[in-house]
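*Asks:* how would this look folded up:
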Amino acid sequence: SSYYWLCNALDLYCPVQWEYDRLNLQYIVVSKRKIVKLIENNIVRVMVVLDPLKVTITNFPNERMTELAVLNFPVEESRGSHPIQFDSVMYIEKSDISENLTKDFKRLTPNQPCGLKHVALVITTQDIIRVSLFFFET
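*Replies:* Numbering: from 1, shown residues only. Below you'll find the predicted structure:
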């Protein structure tokens, strides 16, 4: 850039310059303000588990699948609801469970139960089963 050329031409120290600009990607919304607008206008309704961990409720009847009505906007009941299927197997975010109980961690641990929203159930950890996966490159 011309700034660095001028500093080098005058044999001056060139401090590092940081320049920020809007990040524009096609078909991707990265602005928090715009994401909030999409959610408020009921355009986006899907929440995704990015780092899933399989949880199985052992005392839940296997043949029983329950359909629950979940509000689209919990604060505004007038904005409708949508059905979800609740079963004995579900996937939670890996960051929502920890093996080490700390004072500020208010999610699922082996010694601390956790409530499930919309179901009125409290789950506790009985067993943690680890499955190691091996990946080979050829």
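
*Asks:* Which parts of this protein are helices?
*Replies:* For the chain, applying DSSP state H gives helices covering 2-9, 32-40.

*Asks:* Output those helices in CSV, with mean pLDDT appended to each entry.
*Replies:* Formatted as CSV, the helices of the chain follow (pLDDT from 0 to 100):
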stretch, mean pLDDT
helix 2-9, 88
helix 32-40, 82
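
*Asks:* Let's have those helices in TSV, adding mean neighbour count and distance to Asp21.
*Replies:* In short, each C-beta sits where N, CA and C put it, glycine included. Shown next, in TSV, are the helices of the chain (neighbours: other C-beta atoms under 10 Å; distance: least, C-beta to C-beta, whole Å):
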stretch	mean neighbour count	distance to Asp21
helix 2-9	10	16
helix 32-40	11	17
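
*Asks:* of all those helices, which lies closest to Gln26?
*Replies:* helix 32-40 (14.4 Å; C-beta to C-beta).

*Asks:* Now do Phe136, the pLDDT please.
*Replies:* At Phe136 the predicted local confidence, pLDDT, stands at 54.

*Asks:* Need the helices of the chain in TSV (columns: distance to Met90).
*Replies:* As requested, the helices of the chain are arranged in TSV below (distance: least, C-beta to C-beta, whole Å):
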stretch	distance to Met90
helix 2-9	55
helix 32-40	22
